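S.K.: Dropping a prediction and its sequence here:
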Amino acid sequence: MNTNIGGAPDRADIRDFLATRRARITPEQVGLPAGGTQRRVPGLRREEVAVLAGVSTDWYTRLEKGHIRGVSDEVLAAVARALLLDDAETAHLFHLARAAKPTRTQRRRTPAKLPESLQQLLDAMTGAAAFIRNGRLDVIATNALGRALYAPVLDQPAWKNNIARFNFLDERAADFFPDYPGSMDTTVALLRTEAGRDPYNKDLSDLVGELATRSEDFRSRWGAHNVRNHNTGRKHFHHPVVGAIELSYDSLDVRSTGDDVLVLTGYTAPAGSPADEKLRMLASWVATAPHLSAGATSGVDAIAYGAADGNEDS
């Protein structure tokens, strides 16, 4: 498995990304005859992708071997269509091509400086659990309700407010995220997406290396080369204070004065729903817990859940 994301992308990254996309497509999906002979490999053959993209087989073979530098946007778009790439995968392919240009050196990014107005915006969102993260999945700001919802993620100083570390290194994650395999899949896909967008990010490379060293679950998923956008949807939690809760989420990019792209995510529930009632319970909990004040994302040594055990779902 290749975890390199430093400098120009390793040719293995490009090869594995294209090969895994090709392997998941059947001839029938793209209007080609299946043929009467048994296929040696799953999915489309290279020559079939070449026909669909309107390029020669030799040319596509070179591309899949990692020779992506200098390929035109038009040809990349044709390959993306041939491989049925979604928006996130298409963007990733273009990022790989841009990163393959003359080598740059890795560097640490200037930490994002959160404009005061963004923290004010978070604090004004009293009915939603909201936080701001960067592409490495570091939580850098929250409102009070967001701090309460993600308390298990943020209460362990060793994880440095990083969602990925919690997901793969904290045994509580399997309980906090009821769809734990899906949560791990999403986490790795978001990091893969960020690695394609910003391949020279030393901090991101260090995080990937740390997780790959310490977690087999992470290593196996990183090798799948899956990427995704994470804009809107629903998410289940099993919170230590209020038990099972299902919330809608919406995410959008927000401005930053540093190198990081920041993402604001808000979790909401329909008014009067059981999930809305549980958000209100979390708000009441926050009101009696000074260490969960709005905007706080660090310095919490421990959070006492025992007093709220009676609210736990069975």
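M.R.: Nice, thanks for sending it over. Residues are numbered from 1 along each chain as shown.

S.K.: hang on, residue 266 packs against residue 129?
M.R.: Yes. Assessed by CB atoms under 8 Å, residue 266 is found in contact with residue 129 at 7.1 Å. For glycine as for every other residue, the C-beta is placed from the backbone atoms N, C-alpha and C.

S.K.: Compare neighbour counts for the two and give me the winner.
M.R.: residue 129 (26 against 20; other CB atoms under 10 Å).

S.K.: Need the pLDDT of residue 256.
M.R.: According to the prediction, residue 256 has pLDDT 62.

S.K.: One more: residue 201?
M.R.: According to the model, residue 201 carries a pLDDT of 87.

S.K.: before we move on, what about residue 75?
M.R.: We have a pLDDT of 92 for residue 75.

S.K.: can you dump the C-alpha coordinates of the host helix or strand of it into PDB?
M.R.: Assigned by DSSP states H and E, residue 75 falls within helix 73-82. Extracted in PDB, the C-alpha atoms of helix 73-82 (Å, rounded to 0.1, in the frame of the first residue of the first chain):
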ATOM      1  CA  ASP A  73      -7.900  19.000 -19.300                       C
ATOM      2  CA  GLU A  74     -10.000  17.800 -22.300                       C
ATOM      3  CA  VAL A  75      -8.400  14.300 -22.300                       C
ATOM      4  CA  LEU A  76      -8.700  14.100 -18.500                       C
ATOM      5  CA  ALA A  77     -12.400  15.000 -18.700                       C
ATOM      6  CA  ALA A  78     -12.800  12.300 -21.400                       C
ATOM      7  CA  VAL A  79     -11.100   9.700 -19.200                       C
ATOM      8  CA  ALA A  80     -13.300  10.800 -16.300                       C
ATOM      9  CA  ARG A  81     -16.500  10.200 -18.400                       C
ATOM     10  CA  ALA A  82     -15.200   6.800 -19.600                       C
END
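
S.K.: mind listing the helices for the stretch 201-314 of the chain?
M.R.: 202-214, 216-222, 274-287 (DSSP state H, counting those that start in this stretch).

S.K.: Where does the prediction get shaky in the stretch 201-314 of the chain?
M.R.: 256-259, 290-314 (pLDDT under 70).

S.K.: residue boundaries of the strands in it?
M.R.: All strands of the stretch 201-314 of the chain, identified by DSSP state E, counting those that start in this stretch, fall at 232-239, 243-254, 262-268.

S.K.: and residue 163, what does it touch?
M.R.: 133, 137-139, 153, 187 (CB atoms under 8 Å, 6 or more residues apart in numbering).

S.K.: Check the gap between it and residue 15 for me.
M.R.: As judged by CB to CB, to the nearest Å, residue 163 and residue 15 stand 29 Å apart.

S.K.: ok, now residue 152?
M.R.: On the measure of CB to CB, residue 152 and residue 15 end up 38 Å apart.

S.K.: what about the two, which has more around it?
M.R.: Taking other CB under 10 Å, residue 152 and residue 15 do not tie; residue 152 has more neighbours (22 against 18).

S.K.: what's near enough to touch the more buried one?
M.R.: Counted by CB under 8 Å, 6+ apart, residue 152 has contacts 166, 170, 172-173, 176, 239-240, 303.

S.K.: Now do the SS call for it.
M.R.: Recorded secondary structure, residue 152: helix (DSSP: H, G, I helix; E, B strand; the rest coil).

S.K.: Can you name the residues that contact the closest residue to residue 237 other than its chain neighbours?
M.R.: Distance criterion CB to CB, 6 or more residues apart in numbering; nearest residue to residue 237, sequence neighbours excluded, is residue 245 at 5.2 Å. Applying CB under 8 Å, 6+ apart, we find residue 245 in contact with 236-239, 269, 275, 278-279.

S.K.: Low-confidence ranges, the stretch 1-150 of the chain, go.
M.R.: The model of the stretch 1-150 of the chain has pLDDT under 70 over residues 1-9, 34-39, 101-112.

S.K.: Do you have the helices of it handy? List them.
M.R.: 11-23, 46-53, 57-64, 73-82, 87-99, 116-124, 144-149.

S.K.: Of all those, which one is nearest residue 208?
M.R.: Of all the helices of the stretch 1-150 of the chain, helix 11-23 sits nearest to residue 208, with 11.7 Å by CB to CB.

S.K.: Pull the residues that contact that closest one.
M.R.: 2, 4-5, 41-44, 46, 49, 63-68, 79, 83-85, 89, 92-93, 96, 100, 223-225.

S.K.: All good on my end, thank you.
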